[in-house]
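1. Okay, here's the prediction I keep looking at, along with the sequence it came from:
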Amino acid sequence: MSNRFVEMGLRSPVNLTWEMTQACNLKCRHCLSSSGTAAPDELTTAEALSLVDQIHASRVFQVNIGGGEPFMRPDFEEILAACHERGIMTCISTNGTLLNKELIDRLAATRLVNIQVSIDGANRETCDAIRGTGTFDAAIKALKLLAPTTIATSMNTVLTAQNAGEIPALYDMSQSLGVSLRVSRFRPSGRGVDNWDELRPTPTQLLAFSAWLSESGDVRTGDSFFSLTTQERQGLGLNLCGAAKLTACVGPNGNVYPCAFLQSAPFKAGSLRESTFQEIWDSSEIFNSFRRLRIHSCEDCRRFDQCHGGCPAVAWHLKNEISGGDPECLERCVTTIAEQAKDAEAA
Amino acid sequence: MAAAGNKLHPACRVRSEKFGLLFYDLRGPRLLFAETGALLEPDFFSGNEPVDAFLGQLDKRDKNRVESLLVKLREKGYLSEQ
């Protein structure tokens, strides 16, 4: 039902992903943006504050802030305050290593902050193998500091082959910490390209996760436009890729893209140094092409109404096309497993 | 139907769209798409204008549409308690 309204074209995104810096004190193996060192041409404080004014004028409801590690930006709290003064909700994605009680107390002073702390395994060894030594303990420490505050807090896990078996334990951990669990899809962008074959979940793991998720009502998933539970997604009738329809992404240097997983030249919709955000949203041919995008090859699939062809970013990274359907979709997992069984039998 | 308040909950936002109004609840986050066309402006939900006075200007059909929307918004927690 809601898809109809979305396809009419919204005046601006519901939420904006803002990859505020490429600076990061970690080098996670699945990092979607290959973060580490700050880019030389990142938005200045004045430019960042101008963007806040623009998205306020465009009536964007929420900004999802990532990077890199956003707390690496010396002016991060100033930019955050500018968002809050304008009533914009902020959701900060952080590795948790730079959080301390004083900083959390300052963040808790507003009701307009959500924080998600990345943790990629229920076991220290699993998490640290993906994110780096000491990251598991740092994340747990941050979550324990956040849990008693008024800040809505979640732990975010990127599903990989290594941690797929630990998701139920991560859920239990989130419950005992008093935070929620969000599980994100691993996509082959950034450093994830280099480690795709090793980290990608198998079709069997993806199907098992899907089954578990359907029985775990309060677990959120991190699709391109929203963080929603299965029930919320069904209730809204939002079952399509939200890139350029419900969401967009601003990179560290002000380049604008349909989503965080498509931050590359072919998908650059514009630059905030050349146009306003609203001009890019209204007029970008890249954005318009995403709004027209229909995955015809998937239309006969029995699951089409549930996904509308899945994630174009995954299709792009794996098949070099955005309109060919999601190569890692659940239906294709079923097909792959059946083919593997057939091959095994033949052998 | 008795008219009640029309002030948006502090955790909620609203903006106009081609189809009408788009509501957002920061607590979810949740969205609500209201196909109101040009019937209502977001400012209506500032709570500054008395609901009864506004409804009194509408024909029966539009009045019912607005009242139904207010009931729905109230049920879903988008409006402040009076």
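-> Yes, it's here.
2. If residue A:155 is in a bridge, with which residues?
-> Here residue A:155 shows beta-bridge partners residue A:117, residue A:181, assigned using DSSP bridges.
3. thinking it is in contact with residue A:177, fair?
-> Yes: contact criterion C-beta atoms under 8 Å: residue A:155 and residue A:177 qualify, at 7.4 Å. C-beta: built from backbone N, CA, C; applies to glycine.
4. What's the local residue count around the closest residue to residue A:45 other than its chain neighbours?
-> Leaving aside its chain neighbours, residue A:45 sits nearest to residue A:75 (4.4 Å; criterion: C-beta to C-beta, 6 or more residues apart in numbering or on different chains). Here the count is done by other C-beta atoms under 10 Å in any protein chain shown, and residue A:75 has 16 residues near it.
5. What pLDDT is listed against residue A:236?
-> In this model, residue A:236 is scored at 52, pLDDT.
6. Could you do residue B:25 as well?
-> Looking at residue B:25, its pLDDT is 91.
7. Contact partners for the nearest residue to it once chain neighbours are set aside?
-> The spatially closest residue to residue B:25, leaving aside those adjacent along the chain, is residue B:12, at 5.1 Å (C-beta to C-beta, 6+ apart). Contacts were defined as C-beta atoms under 8 Å, 6 or more residues apart in numbering or on different chains; by that measure residue B:12 touches B:23, B:24, B:25, B:26, B:77, B:78, B:79.
8. could I get the residues you listed as JSON lines with neighbour count?
-> Converted to JSON lines, the contacts of residue B:12 look like this (neighbours: other C-beta atoms under 10 Å in any protein chain shown):
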{"residue": "B:23", "neighbour count": "24"}
{"residue": "B:24", "neighbour count": "22"}
{"residue": "B:25", "neighbour count": "19"}
{"residue": "B:26", "neighbour count": "22"}
{"residue": "B:77", "neighbour count": "15"}
{"residue": "B:78", "neighbour count": "23"}
{"residue": "B:79", "neighbour count": "22"}
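9. Between which two of those residues is the distance greatest?
-> Farthest apart among the contacts of residue B:12 by C-beta to C-beta are B:26 and B:79. That separation is 14.4 Å.
10. for chain B, longest helix please?
-> Using DSSP state H, we find that the single longest helix of chain B is helix B:60-75.
11. And the average pLDDT for that helix is what?
-> 95.
12. Pull out the buried positions in it.
-> Buried positions in helix B:60-75, judged by neighbour count with 16 or more other C-beta atoms under 10 Å in any protein chain shown: B:63, B:65, B:66, B:67, B:69, B:70, B:73, B:74.
13. Also stretch A:188-205?
-> For stretch A:188-205, burial by neighbour count (16+ other C-beta under 10 Å) applies to A:188, A:189, A:190, A:191, A:192, A:195, A:196, A:199, A:200, A:201, A:203, A:205.
14. anything in contact with each of residue A:155 and residue A:177?
-> The overlap between the contact sets of residue A:155 and residue A:177 (C-beta under 8 Å, 6+ apart) consists of residue A:143.
15. higher neighbour count, those two?
-> Between residue A:155 and residue A:177, counted using other C-beta under 10 Å, the more crowded position is residue A:155 (26 against 17).
16. So, low pLDDT: which residues of chain A?
-> Scanning chain A with the threshold set as pLDDT under 70 gives A:1, A:222-239.
17. which one of the buried residues of helix B:60-75 is nearest chain A?
-> Nearest to chain A among the buried residues of helix B:60-75 is residue B:69, at 14.7 Å by C-beta to the nearest C-beta.
18. quick one: contacts for the nearest residue to that closest one once chain neighbours are set aside?
-> Leaving aside its chain neighbours, residue B:69 sits nearest to residue B:34 (5.6 Å; criterion: C-beta to C-beta, 6+ apart). Contact analysis of residue B:34 by C-beta under 8 Å, 6+ apart lists B:20, B:21, B:22, B:23, B:40, B:69.
19. Tell me the one of those residues nearest residue A:220?
-> So of the contacts of residue B:34, ranked by how close each gets to residue A:220 (C-beta to C-beta), first place is residue B:23, at 20.1 Å.
20. would you say the closest one is within a strand?
-> Yes: counting by DSSP: H, G, I helix; E, B strand; the rest coil, residue B:23 falls inside a strand.
21. Good, we can wrap up now.
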